[in-house]
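# no sequence on this one, just coordinates:
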């Protein structure tokens with residue numbers, strides 16, 4: 001718990017600073033021409049805001065290749081301000097893997113690395129609720145911001161295919177490698193202690209919640225956080241921190257009560273390179289990770305909030321307060 005509290009203490013001062021992410025989004029909108037803005041800007045209260053995917057398909061929003069180099073720079077700045085250094089790096093690495101697949105597929109249009117889309121919902125302002133989505137194959141980042149007091153960042157999804165690049169200029173690249181290694185270390189530690197962390201030898205082929213708009217709680221399998229010794233709880237927290245490091249504000253939404261209800265469960269092999277799956281579930285949120293496809297070299301990671309994906313709880317509270 002000390003690690004989480006330390007990260008909270010380091011992150012909280014961000015809210016006393018200028019709302020840089022709101023200024024960055026407003027600045028980006030200002031440099032779009034009318035046609036670009038039509039592709040990018042949507043009302044906040046629209047069904048499209050919850051229409052999230054992580055498949056290689058066309059989606060609403062402006063594509064990377066429809067932005068100038070200067071505009072792309074503003075987009076990268078917006079992502080860095082909302083994701084932080086680690087999240088921005090992971091995002092870039094996911095895009096690099098798509099470019100890798102594009103070349104491997106003889107430039108199949110389906111794998112076009114320009115098919116990442118930005119959509120801004122509402123008007124970025126310190127006086128309003130607004131949000132944005134950056135999304136493409138193996139990437140879905142969703143943000144809801146209210147008067148720059150609260151930044152909600154779920155659902156968020158990162159995928160890596162290959163999970164580890166076997167050859168070429170990016171050989172050895174593992175965007176989700178630290179998360180997988182930390183989870184495996186924890187699972188092995190619990191297994192050696194005789195705890196029933198592996199609930200099945202056959203992992204699901206995919207994250208179970210998929211791209212559902214509303215994530216439903218899964219069966220609480222595995223081992224409860226509250227039943228672990230302090231050193232093992234420390235390893236558990238290291239795993240949560242490794243995942244949450246990809247979202248600057250995510251730890252702000254965690255508290256002791258949420259972690260007290262956490263369970264960690266593993267499925268499949270404990271050996272690297274073998275199909276496996278794990279999840280962390282509390283009464284409030286769910287993390288799923290699956291690396292089973294393509295000979296266990298194709299990983300998917302998602303973080304869901306049961307009640308507050310897309311800021312649903314925040315919006316309910318806002319509407320009740322305003323009306």
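Arrived safely. All values reported here derive from a predicted model rather than from experimental measurement.
# least confident secondary structure element in this structure?
helix 2-11 (a mean of 39; mean pLDDT, DSSP states H and E).
# helix or strand for residue 174, which one?
Assigned by DSSP states H and E, residue 174 falls within no helix or strand.
# how close does it get to residue 133?
26 Å (Cβ to Cβ, to the nearest Å). Every residue, glycine included, has its C-beta placed from N, CA and C.
# which of these two has more neighbours?
residue 133 (23 against 16; other Cβ atoms under 10 Å).
# ramachandran angles for residue 54?
With angles defined as degrees, to the nearest 10, residue 54 sits at phi -130, psi 20.
# number of residues surrounding it?
21.
# I figured it hits residue 159, correct?
Yes: using Cβ atoms under 8 Å, residue 54 is in contact with residue 159, at 5.9 Å.
# give me the common contacts of the two.
The contact sets of residue 54 and residue 159 overlap at 137, 138, 139, 300 (Cβ atoms under 8 Å, 6 or more residues apart in numbering).
# with pLDDT, distance to residue 42 and secondary structure added, can I get those residues in CSV?
Listed next are the shared contacts of residue 54 and residue 159 as CSV, based on pLDDT from 0 to 100; distance: Cβ to Cβ, whole Å; DSSP: H, G, I helix; E, B strand; the rest coil:
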residue, pLDDT, distance to residue 42, secondary structure
137, 97, 21, coil
138, 98, 23, coil
139, 98, 19, strand
300, 98, 27, strand
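# which single one of those residues is nearest to residue 224?
Residue 224 lies nearest to residue 300 out of these, by Cβ to Cβ, at 24.8 Å.
# list the contacts for that closest one?
54, 138, 157, 158, 159, 206, 207, 288, 289, 290, 291.
# what's the answer for residue 43, then?
Here residue 43 is in contact with 121, 122 (Cβ under 8 Å, 6+ apart).
# residue 133 reaches residue 119, doesn't it?
Yes: counting by Cβ under 8 Å, residue 119 is a contact partner of residue 133 at 4.8 Å.
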